[in-house]
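> coords please:
(one chain, ligands or ions: 1)
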Amino acid sequence: MLLQLSTWPDIEQYLKTSQAIVIPIGSTEQHGPTGLIGTDALCAEAVARGVGAATGALVAPVLAVGMAQHHMEFPGSLSLRPTTLIAVIEDLLVGLHRTGFRQFFFVNGHGGNVATLKAAFAQVYWTLTTQGRPAADQVRCQVQNWWAQPRVYQLTRELYGDREGVHATPTEIALTRYLYPDRVKMATLAPLGTTDYAIYTAADFRRRFPDGRMGSDPTLATGEQGQQFYERAVESLTARYRAFIQDATGRPPDSEPLAPPSPG
Ligand code: NI
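The predicted structure follows:
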């Protein structure tokens, strides 16, 4: 169920059976010379919609711009400051809480969002509880990275090994090739450079990663692989969403065990 294709009476009816919403969040930033600038947002949106279709959950419009300051030396990249992103998340969640939403499940497509998202959750808890909003103690926020789910990461290791890298990875490029088969460019790419993946300023990033990739070989990616990633991500995040909302409402956790978190 997509929020933007619903009416307000639809949402009022939905809130009688669930107080949870799935919110895809990504980024609009360079993904190497061949990857789509929208990769992180497109992937998060597709996986979140898959979770919504599997569970009946309400899915919000994708938050397509995240925290990507280190990519800003490449034209076309967009970013919010960390403090701006925190304010955006706070405004959206406090507003949704006003009409009855209590559980916020973020499907994330960009590693650079995680620290800011967790700070935003703390800000939301702080605001709702100190302002004495109704049922503020029932509010729960969670972020899950689609690419880091254990069964997704297992396939990544099998297919790409050390050529996965950490940015403009074949995993995410494969998913966009599945979703938008005619849009992702394929080209021979220069050999990989440094494997020191520390992130500082945007200018430093471009100097050390001149074509935008970080240790990755996206030429390995195919749409067929992307479909496998999509299916595994939706399956894993469907289980996590179910466990999240059942735990939040005091019922026993989902009987399907969750795999341990991956290092990815
Ligand atoms: Ni990405």
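> helix or strand for residue 128, which one?
Remark: residue 128 resides in helix 114-130, with elements defined by DSSP states H and E.
> can you give me the strands for the chain?
20-25, 58-59, 103-108, 140-145 (DSSP state E).
> Could you verify my assumption that residue 178 touches residue 231?
No. If you go by C-beta atoms under 8 Å, residue 178 and residue 231 don't touch, sitting 9.8 Å apart. No exception for glycine: its C-beta is placed from N, CA and C like everyone else's.
> how much space between residue 1 and residue 219?
According to C-beta to C-beta, to the nearest Å, residue 1 stands 38 Å off from residue 219.
> Equivalent analysis for residue 173, please.
Taking C-beta to C-beta, one finds residue 173 at 9 Å from residue 219.
> Same drill for those two, tell me which one is more crowded.
Using other C-beta atoms under 10 Å, the more surrounded residue of residue 173 and residue 219 is residue 173, with 30 against 14.
> didn't the more buried one look like it was pressed against residue 34?
Yes. Between residue 173 and residue 34 there is a contact under C-beta under 8 Å: 7.4 Å.
> which neighbours do the two share?
Here residue 173 and residue 34 have 184, 218 as joint contacts, going by C-beta atoms under 8 Å, 6 or more residues apart in numbering.
> circling back: turn the strands of the chain into JSON lines, including distance to residue 65.
As requested, these are exported to JSON lines (distance: least, C-beta to C-beta, whole Å):
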{"stretch": "strand 20-25", "distance to residue 65": "9"}
{"stretch": "strand 58-59", "distance to residue 65": "18"}
{"stretch": "strand 103-108", "distance to residue 65": "13"}
{"stretch": "strand 140-145", "distance to residue 65": "16"}
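> measure the residue of the chain found nearest the ion to residue 187 for me?
The ion sits closest to residue 40 of the chain, with a gap of 4.2 Å, by C-beta to the ion. Look at residue 40 and residue 187: by C-beta to C-beta, they are 21 Å apart.
> Residue 73 now?
Using C-beta to C-beta, one gets 21 Å for the distance from residue 73 to residue 187.
> Compare the two and say which one has the larger neighbour count.
More neighbours surround residue 73 than the other of residue 73 and residue 187, with 17 against 9 (other C-beta under 10 Å).
> what's the closest non-adjacent residue to residue 43?
residue 109 (4.5 Å; C-beta to C-beta, 6 or more residues apart in numbering).
> mind listing what that neighbour touches?
Contacts of residue 109 by C-beta under 8 Å, 6+ apart are 24-27, 39-45, 47, 145-147, 172.
> repeat that for 7 Å
26, 27, 40, 41, 43, 44, 146 (C-beta atoms under 7 Å, 6 or more residues apart in numbering).
> In terms of pLDDT, where does it sit?
Note for residue 109: predicted pLDDT of 98.
> neighbour count winner among residue 178 and residue 231?
More neighbours surround residue 178 than the other of residue 178 and residue 231, with 22 against 15 (other C-beta under 10 Å).
> What count of nearby residues applies to the nearest residue in space to that one that is not next to it in sequence?
Leaving aside its chain neighbours, residue 178 sits nearest to residue 226 (2.9 Å; criterion: C-beta to C-beta, 6+ apart). By other C-beta under 10 Å, 25 other residues sit near residue 226.
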